[in-house]
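>>> what shape does this take:
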Amino acid sequence: MDIVEEIEKANKKAFDIMNRGKAILKDFDYAGKVIPGMKDNTILHAGPPIAYADMIDPMKAAVQGALMFEGKADSLEEADRMARSGDFDFRPCHEMNSVGPMAGIITPGMYVAVVENPEFGNKTFCNLHEGRGKILRFGATGKEVLDRLKWMNENLGPGLKEVVRKKPVDLKNIAAEAVQMGDELHQRYRASSLLFLSNISDNLLELPNGREIFKFIAEKEQFFLNLAMPAMKALADPADGIKYSTLVTRMTRNGVNFGIQVSGLKGKWFTGKVEVPVGLFFTGFSQKDAAGDFGDSAIMETLGLGGLASAAAPSVTRFVGGSVKDAIRATELGYKITYGESKDILIPALNFRGVPLGIDILKVNETNILPTINTGIAHKQAGIGQIGGGISHPPLKAFNDALKDYAATYGI
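Predicted coordinates for the structure are as follows:
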């Protein structure tokens with residue numbers, strides 16, 4: 001069998017695994033209890049590997065806030081000194097079966113969602129959704145932020161644990177239905193968040209604090225973000241490590257570098273400098289205030305959602321002054337760099353074509369087409385938080401380097 005046939009066979013296998021998988025929300029619990037290998041000094045972050053000293057200010061602030069939340073530090077200054085001490089093990093979320101939006105900080109005492117892919121037996125994890133604006137994942141800190149995190153740990157997490165243990169939730173089904181209702185599942189989550197709330201409402205409202213939790217979720221239009229991300233990771237992870245496959249299994253950013261991983265090059269990061277997102281800003285902020293793109297949420301585009309599913313949610317393109325035609329074109333370009341289409345997640349505006357699935361480094365290098373990433377925008381200064389939403393792209397360098405390594409690995 002020649003190399004072309006080997007690649008086709010491997011890519012078909014990886015694609016079929018991504019397409020066939022399921023994502024079931026089974027539990028919520030403390031990260032230190034359920035994430036394999038998580039220790040008391042482990043701090044997970046978004047993106048490819050990065051040292052604390054090299055992080056952008058909003059991610060550093062999120063680390064500091066997390067150490068205060070854990071009760072390890074009494075001030076941001078003390079938390080900063082602790083983070084620089086070398087006593088903590090900073091690890092990418094992706095390397096510990098996890099994902100986190102924006103800064104992506106997960107510490108042992110935080111509640112996380114537990115998602116299982118029963119087709120392949122793997123589990124994935126993600127922290128809980130705080131909302132928008134002044135929140136930890138965008139680098140905001142202070143009493144308001146920490147009080148919210150404490151309430152989430154004491155009420156939201158335990159409440160949802162009780163609910164989903166009684167009735168697990170099929171997240172892939174919700175994602176598929178939501179795309180047909182106008183969500184692209186990276187920037188717009190209105191339909192999916194309400195579908196999730198509807199799914200759990202009966203058992204949730206039986207809890208003593210059920211109405212309080214219900215209200216919290218109902219007010220967070222992107223609540224499903226932190227469930228969709230581990231769902232997509234649960235679908236992608238079993239496709240990783242397939243010899244000869246050129247399909248991308250991870251895309252993620254840490255504010256400095258954008259990293260990708262490729263199925264047939266298991267465990268290797270290929271990186272390039274992140275873009276500063278371009279988009280629509282909250283009143284009082286502008287492009288000059290924006291931080292470099294960060295977060296594990298590009299796992300959505302890795303599985304054909306977000307920017308690659310723009311045709312399902314043309315309103316999202318208005319963040320950058322785009323039109324319906326622009327939204328459709330973003331998805332059509334996605335088909336040019338992917339192996340095939342999802343069998344389950346369909347776009348009505350494209351006559352129910354499946355979303356583009358299986359980004360192929362060969363096709364990206366051949367066409368120079370880069371997937372569009374829908375994203376939130378953080379202020380580049382610590383403590384301010386989210387200032388808008390927009391789009392970014394991965395660096396072509398990451399795909400170039402991956403192809404060079406692939407050629408060397410397989411002797412092409």
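>>> buried residues, whichever helix or strand residue 33 is part of. List them.
Assigned by DSSP states H and E, residue 33 falls within helix 31-34. Counting neighbours by 16 or more other C-beta atoms under 10 Å, one finds that the buried residues in helix 31-34 are 31, 32, 34. In short, each C-beta sits where N, CA and C put it, glycine included.
>>> walk me through the domains of the chain.
If you go by automatic domain parsing, the domain ranges for the chain are 22-231, 240-409.
>>> what about the longest one, distance to the chain center?
From the chain centre to the centre of domain 22-231 is a distance of 11 Å (C-alpha atoms, centre = their mean, to the nearest Å).
>>> what's the answer for the shortest one, then?
Counting by C-alpha atoms, centre = their mean, domain 240-409 is centred 11 Å from the centre of its parent chain.
>>> which helices and strands does the longest helix anywhere in the chain pack with?
What stands out as the longest helix in the chain, according to DSSP state H, is helix 3-20. Helix 3-20 makes packing contacts with strand 338-347, strand 353-359 when contacts are defined by 3 or more C-beta pairs under 8 Å, 6 or more residues apart in numbering; DSSP states H and E.
>>> pLDDT weak spots in the protein?
Along the chain, segments meeting pLDDT under 70 span 319-321.
>>> who's in contact with the residue nearest to the spatial centre of it?
The centre of the chain sits closest to residue 297, judged by C-alpha atoms, centre = their mean, with a distance of 2.1 Å. Listed by C-beta atoms under 8 Å, 6 or more residues apart in numbering, the contact set of residue 297 reads 99, 101, 102, 186, 225, 229, 306, 375.
>>> just the helices in the stretch 301-412 of the chain please.
Remark: helices assigned in the stretch 301-412 of the chain by DSSP state H, counting those that start in this stretch are 324-336, 361-367, 396-409.
>>> list the buried residues in the last one.
Which is helix 396-409. Of the residues in helix 396-409, 398, 399, 400, 401, 402, 403, 405, 406 count as buried by neighbour count, 16+ other C-beta under 10 Å.
>>> elements contacting it?
Secondary-structure packing of helix 396-409 (3+ C-beta pairs under 8 Å, 6+ apart): strand 257-262, strand 270-273, helix 361-367.
>>> with respect to burial, which of these scores highest?
Looking across the helices and strands packed on helix 396-409 with neighbours counted as mean count of other C-beta atoms under 10 Å, the highest average goes to strand 257-262: a mean of 26.
>>> so what angle separates the directions of it and strand 353-359?
100 degrees (axes from the mean of the first three to the mean of the last three C-alpha atoms, to 10 degrees).
>>> so what strands line up beside strand 257-262?
strand 248-254 (antiparallel), strand 270-273 (antiparallel) (DSSP bridges).
>>> in CSV, list those strands along with distance to residue 10.
Formatted as CSV, the strands paired with strand 257-262 follow (distance: least, C-beta to C-beta, whole Å):
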stretch, distance to residue 10
strand 248-254, 12
strand 270-273, 18
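>>> and those strands: which comes nearest residue 43?
Proximity to residue 43 (C-beta to C-beta) singles out strand 248-254 among these, at 13.0 Å.
>>> now that closest one against helix 396-409, angle please.
Interaxial angle, strand 248-254 versus helix 396-409 (the same axes, to 10 degrees): 140 degrees.
>>> residues in contact with strand 248-254: which ones?
Residues from elsewhere that reach strand 248-254, judged by C-beta under 8 Å, 6+ apart: 14, 45-48, 50, 55-56, 59, 92, 94, 99, 236-237, 239-240, 258-263, 274, 292-296, 298-299, 301-302, 358-361, 371, 373, 392, 394.
>>> how about the residue lying closest to residue 315 once chain neighbours are set aside, what does it touch?
Leaving aside its sequence neighbours, residue 315 sits nearest to residue 188 (C-beta to C-beta, 6 or more residues apart in numbering; 7.0 Å). Applying C-beta under 8 Å, 6+ apart, one finds that residue 188 lies in contact with 182, 313, 315, 316.
>>> what's the closest non-adjacent residue to the first one?
Nearest-residue entry for residue 182: residue 313, 5.4 Å, with adjacent residues in sequence omitted and distances by C-beta to C-beta, 6+ apart.
>>> what of the last one?
Of all residues not flanking residue 316 in the chain, residue 187 sits nearest, at 4.8 Å (C-beta to C-beta, 6+ apart).
>>> that neighbour: how many residues sit nearby?
Counted by other C-beta atoms under 10 Å, the residues lying close to residue 187 total 26.
>>> ok, residue 412 next?
9.
>>> now residue 119
Should you count by other C-beta under 10 Å, residue 119 turns out to have 15 residues around it.
>>> verify the stated contact: it with residue 20.
Yes. Counting by C-beta atoms under 8 Å, residue 119 touches residue 20, with 5.9 Å between them.
>>> list the contacts for the closest residue to residue 207 other than its chain neighbours?
Leaving aside its chain neighbours, residue 207 sits nearest to residue 159 (5.4 Å; criterion: C-beta to C-beta, 6+ apart). Going by C-beta under 8 Å, 6+ apart, residue 159 touches 204, 207, 209, 210, 213.
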